[in-house]
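Trainee: Generate a structure from the sequence data that follows.
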Amino acid sequence: DSATDENTAVNTQTWYFDSDGDNFAGSSISTVACNQPGGYFASATDCNDNDSSIFPGAGEVCDGIDNNCNTTIDEGVANTYYRDIDGDGFGNPSNTTSSCSQPNGYVTNNADCNDGSSAINPNATEVCDSLDNDCDNSIDDNDNSLDLNSAPYWYSDSDNDGYGNPNVSLRQCNQPGNYVSNGDDCNDSTSAARPGAPETCDGIDNDCDTSIDESNASGCTTYYRDFDGDGYGSSSNSQCLCAPSGYYDVTNNSDCYDSNGDARPGQGAWFSSHRGDGNFDFDCNGTQTKRYNGGGGCGGWPGCSTNNGWNGGNPSCGNNGSWVTGCSTDWFSCDKNTQTRTQECR
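Mentor: Sure, this is the predicted structure:
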């Protein structure tokens, strides 16, 4: 029929036209022929035959298009972005999206450990709140980011008595070993000294009240007041002390009048004036003993025997009376010789 290998020949082949000239044909234009026509290719692999930059094997770029015709868009070239719900500039590592441009509410880092609080992120200051504020995987840690104003003071308790040394302290969120929250110890070298401890006669301030071995301390001795310095104490005035102090310096309470040093047990002298309280019991035996007793007189004229003693009654302690000192004869009687004498007592 004067035509060779026309398109009705047996075993013809379909050929696809390359509209954009990128050497990959699209499927929209085709022809049947025994031999390849110019501008045609045996397969239709171009996914966009109107753009010469799009064809199988082309470089994928971030443009929202399948540039390399592998049915996937922007693969290998899109960026991963992380959700930043709390707006602190740090993203949630478990909430991501891929995009060629940064979506609103997403960031490029995944460093946030709590995307529900803007106060928690790697740039935040650590505070004492039982949270990992600075996202360093440690809670309330004493690192450089810790806000010390939020941390309590802790005081060294070397003697383990529950009270801390006010001169040895540190600040951190959590209580360190051998530290306590109070700084009330006055002596951290012994557990016998602490607020509320029983005061003991040991030369230290046990109860931390700034006084050492005060009265009524454990182990104290009862001292009686010896105000008159005669070595005998008053039974009505005493203190339990660790050592003698002031007038409280004797351990006996046998003085009967502590305002006169002459009034004391064993006193052998006699006194014509009372000891200070109207009483003449200077030897503290419970009674007022008179030195001069008995009546005096003269008798047996003409011999005139003499009986020394009081003439006319025994006066009270401290009072004056007439005392017969001798007798002399007269014509028909014995005359008394007398002198004034003060009754002494003890």
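
Trainee: roughly how far is stretch 285-302 from the heart of the chain?
Mentor: Here stretch 285-302 is found 81 Å from its chain centre; the criterion is Cα atoms, centre = their mean, to the nearest Å.

Trainee: Ok, stretch 27-43 next?
Mentor: Distance of stretch 27-43 from the chain centroid (Cα atoms, centre = their mean) equals 93 Å.

Trainee: can you pull the buried residues of it?
Mentor: Buried residues in stretch 27-43, defined by neighbour count with 16 or more other Cβ atoms under 10 Å: 40, 41. (C-beta placed from N, C-alpha, C; glycine too.)

Trainee: That one - what's its average pLDDT?
Mentor: Averaging pLDDT along stretch 27-43 gives 95.

Trainee: contacting residues around it?
Mentor: 5, 7, 9, 11-19, 23-25, 44, 49 (Cβ atoms under 8 Å, 6 or more residues apart in numbering).

Trainee: Mind giving me the PyMOL command for buried ones among the residues you listed?
Mentor: Listed next is the PyMOL selection for buried residues among the contacts of stretch 27-43, using 16+ other Cβ under 10 Å:
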select buried, resi 15+16+17+18+19+24+25+44+49
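
Trainee: So which of the contacts of stretch 27-43 are in strands?
Mentor: Mapping those onto strands (DSSP state E) picks out 13, 14, 15, 16, 17.

Trainee: Columns pLDDT on top of the residues you listed, output as TSV?
Mentor: Output for these, formatted as TSV (pLDDT from 0 to 100):
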residue	pLDDT
13	94
14	95
15	95
16	97
17	97
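
Trainee: okay, which residue is most central for the protein?
Mentor: With distances taken as Cα atoms, centre = their mean, residue 182 lies nearest the centre of the chain, 1.3 Å away.

Trainee: And the helices in the stretch 1-150 of the chain?
Mentor: For the stretch 1-150 of the chain, no helices turn up when DSSP state H, counting those that start in this stretch is the criterion.

Trainee: any idea where the strands of it begin and end?
Mentor: With DSSP state E, counting those that start in this stretch, the ranges of strands along the stretch 1-150 of the chain come out as 13-17, 30-33, 40-41, 79-83, 92-99, 106-107.

Trainee: Quick one: closest of those to residue 216.
Mentor: strand 92-99 (68.5 Å; Cβ to Cβ).

Trainee: list the buried ones in that closest one?
Mentor: By neighbour count with 16+ other Cβ under 10 Å, strand 92-99 contains the buried residues residue 92.

Trainee: Tell me the strands beside that strand, with direction?
Mentor: strand 79-83 (antiparallel) (DSSP bridges).

Trainee: related to what we said a few turns ago, would a markdown table of the ones in strands among the contacts of stretch 27-43 with distance to residue 123 be doable?
Mentor: As requested, these are exported to a markdown table (distance: Cβ to Cβ, whole Å):
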| residue | distance to residue 123 |
| --- | --- |
| 13 | 67 |
| 14 | 64 |
| 15 | 63 |
| 16 | 58 |
| 17 | 59 |
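
Trainee: what's the closest of those residues to residue 213?
Mentor: residue 16 (113.8 Å).

Trainee: Test my guess that the residue nearest to the centre of the chain contacts residue 155.
Mentor: Yes: in this structure residue 182 lies within contact range of residue 155 using Cβ atoms under 8 Å: 6.5 Å.

Trainee: Overlap of the contact sets of those two?
Mentor: With Cβ under 8 Å, 6+ apart, residue 182 and residue 155 have common neighbours residue 164.

Trainee: re the thing from before, name the SS class of the residue nearest to the centre of the chain, please.
Mentor: Here residue 182 is recorded as coil under DSSP: H, G, I helix; E, B strand; the rest coil.

Trainee: What residue, apart from its backbone neighbours, is nearest it spatially?
Mentor: Once flanking residues are discounted, residue 182 sits nearest to residue 164: 5.5 Å by Cβ to Cβ, 6 or more residues apart in numbering.

Trainee: Would you check that that neighbour makes contact with residue 185?
Mentor: Yes: with contact defined as Cβ under 8 Å, residue 164 counts as touching residue 185 (5.7 Å).

Trainee: The two: which has the busier surroundings?
Mentor: Taking neighbours as other Cβ atoms under 10 Å, residue 164 and residue 185 compare with residue 185 leading, 27 against 23.

Trainee: Give me the phi and psi angles of that one.
Mentor: The phi and psi values for residue 185, taken as degrees, to the nearest 10, are phi -80, psi 140.

Trainee: Residue 3: neighbouring residues, count only.
Mentor: If you count neighbours by other Cβ under 10 Å, residue 3 ends up with 8.

Trainee: do the same with residue 2
Mentor: Neighbours around residue 2, by other Cβ under 10 Å: 3.

Trainee: can you offset everything so residue one is 48?
Mentor: Yes, from this point I'll number from 48; that puts the last item at residue 49.
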